[in-house]
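**Student:** Structure for this input, please:
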Amino acid sequence: MSTGSVAVTGLGLVTPAGVGTEATWRGVCSGKPTAAVDPELAGVPVPISCRVPAYDVRAVVGRQTWRMDRFAHLALTAAREAVADAGLDPATWDGARVGVVVGVGTESKETAARSFVKLLRGDYEGVSPLTVPRVTVNAAAGEIGIALQALGPSMAVTTACASGATALGAARDLLLAGRCDVVLAGGAEAPCHPMSSVSFSQMRALSTRLHDPAGASRPFDADRDGFVLAEGAGILVLERLSDARARRAPVRALLAGHGTSTDGYHHAAAHPEGAGLERAFRAALADAGLEPADIGHVNAHGTSTPMNDRIEGHTLSRVFGHRPPPVTSAKGVTGHMLGAAGAVEAALGVLTLEHQLVPPTANLERLDPELDLDVVAKEARPCRVEAVASDSCGFGGHNAVVVLRRA
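**Tutor:** The predicted model follows:
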């Protein structure tokens, strides 16, 4: 395995806060929540979601939109922006040296549900032959490879809500092993469907703040009661730092460290003491060659669920000591993008390093009194930040932490 640093040279974001990296950053820094009553969820117990603003998908993705489900549209939209941002041209690159790693938390419900209805009615001929290629979690990575002629290793990573962050670690490994020169890595998800909403609702995981949809997602707030489903995608272009410098690419940040772990505790609940998440934090810091005191900001998982936010908060206090560095959770604005969240939040970490600005945690009115955290609220806070940690956790006990440094 080769050694060296991995550079982030391009960002692509499509989120409820905005279509494009700049729009998303503005939206997240504004602290304005995007949760609203979703007409497509009419009739279900919790008809609230965070949707990506309308945009011309076909103009971005191309004429082949008909063969893809929503999560693949979002992934390809983000990938195109990231590649352009990195100053790369798929028409001239050596595609065999370009990899794709996309994290997806759940299979697509859009086509599967339509086909299942027809199956129940006995309309076998009505079941689309595109059902399988549309719904499988590898569809996003595959469509990016086809559209951009990225012909190297291509894979889907699925570790539930840690998928996007896990994908970044897998991509980094490909680069340091010398198997790729460029990797398009991140996550995508489009879960705002009645089946997903009802399933999470039955688990008592969603906020039921129906009288105040905009205030439903409120990470670390004393009155939080669950998360809000959201769609989105985030793709980062990663290269070895030496290669990026050789082509005089804009180096936006360094992906300095990555750590993963498994709780081995429960199929859905986090370990009550956060033991697995703590191991992932310490592994990522060791991988980056940093001490906890070197981290100037934590972009937290912060889903707005009562138990998980508390476990995460206590874990941060153990890792970083009394009063950890400034913490934020973008999910107050964006909702929870499941498998895409970790990648989007890592990209926000890059932007924090660039702008020296920590976005606020929307809807935080009264910090949970059990947490000793400096959670940024109300408005974005200027900070001197040299390194950022971003953590993600998923059902099944999956934990992933990414450490980013200023270039």
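**Student:** drop to CA atoms for contacts and neighbour counts, all remaining ones
**Tutor:** Will do.
**Student:** Contacts only, for residue 116.
**Tutor:** By Cα atoms under 8 Å, 6 or more residues apart in numbering, the residues touching residue 116 are residue 127.
**Student:** do the same with residue 345
**Tutor:** By Cα under 8 Å, 6+ apart, residue 345 lies in contact with 299, 330, 390.
**Student:** closest to residue 224 among those residues?
**Tutor:** Nearest to residue 224 among these is residue 330, at 14.7 Å by Cα to Cα.
**Student:** mind listing what the closest one touches?
**Tutor:** Applying Cα under 8 Å, 6+ apart, we find residue 330 in contact with 28, 299, 302, 345, 359, 360, 361, 362.
**Student:** if I look at it, how far off is residue 15?
**Tutor:** In this view, residue 330 and residue 15 are 11 Å apart by Cα to Cα, to the nearest Å.
**Student:** what does residue 370 give?
**Tutor:** According to Cα to Cα, residue 370 stands 31 Å off from residue 15.
**Student:** and if you look at residue 197?
**Tutor:** Shown here: residue 197 relative to residue 15, a distance of 18 Å by Cα to Cα.
**Student:** Could you do residue 85 as well?
**Tutor:** Residue 85 is 17 Å from residue 15, where distance means Cα to Cα.
**Student:** who's more crowded, these two?
**Tutor:** residue 15 (32 against 18; other Cα atoms under 10 Å).
**Student:** give me phi/psi at the more buried one?
**Tutor:** Main-chain torsions, residue 15, degrees, to the nearest 10: phi -140, psi 170.
**Student:** List the contacts of the residue lying closest to residue 135 once chain neighbours are set aside.
**Tutor:** Once flanking residues are discounted, residue 135 sits nearest to residue 108: 4.6 Å by Cα to Cα, 6 or more residues apart in numbering. Residue 108 is in contact with 69, 70, 71, 134, 135, 136, 137, 190, 191, counting by Cα under 8 Å, 6+ apart.
**Student:** Tell me the secondary structure at residue 108.
**Tutor:** Of the three states, residue 108 takes coil under DSSP: H, G, I helix; E, B strand; the rest coil.
**Student:** any idea how far it is from residue 294?
**Tutor:** From residue 108 to residue 294 the distance is 39 Å (Cα to Cα).
**Student:** picking that back up, out of the contacts of residue 345, which one sits closest to residue 5?
**Tutor:** For the contacts of residue 345, the closest approach to residue 5 (Cα to Cα) belongs to residue 390, at 18.1 Å.
**Student:** I'd assumed the closest one was in a strand, is it?
**Tutor:** Yes. With three-state DSSP as the criterion, residue 390 is part of a strand.
**Student:** Going forward, the N-terminal residue is numbered 54.
**Tutor:** New numbering, starting at 54: the last item is residue 443.
**Student:** Can you report how many residues lie near it?
**Tutor:** When neighbours are counted by other Cα under 10 Å, residue 443 registers 28.
**Student:** partners of it in the sheet?
**Tutor:** On the basis of DSSP bridges, residue 443 is bridged to residue 352, residue 455.
**Student:** I'd say it and residue 400 touch.
**Tutor:** No. Between residue 443 and residue 400 there is no contact under Cα atoms under 8 Å: 9.6 Å.
**Student:** Overlap in contacts, the two.
**Tutor:** Between them, residue 443 and residue 400 share no contacting residue, judged by Cα under 8 Å, 6+ apart.
**Student:** if you skip the residues just before and after it, what's nearest to residue 401?
**Tutor:** Once flanking residues are discounted, residue 401 sits nearest to residue 78: 7.2 Å by Cα to Cα, 6+ apart.
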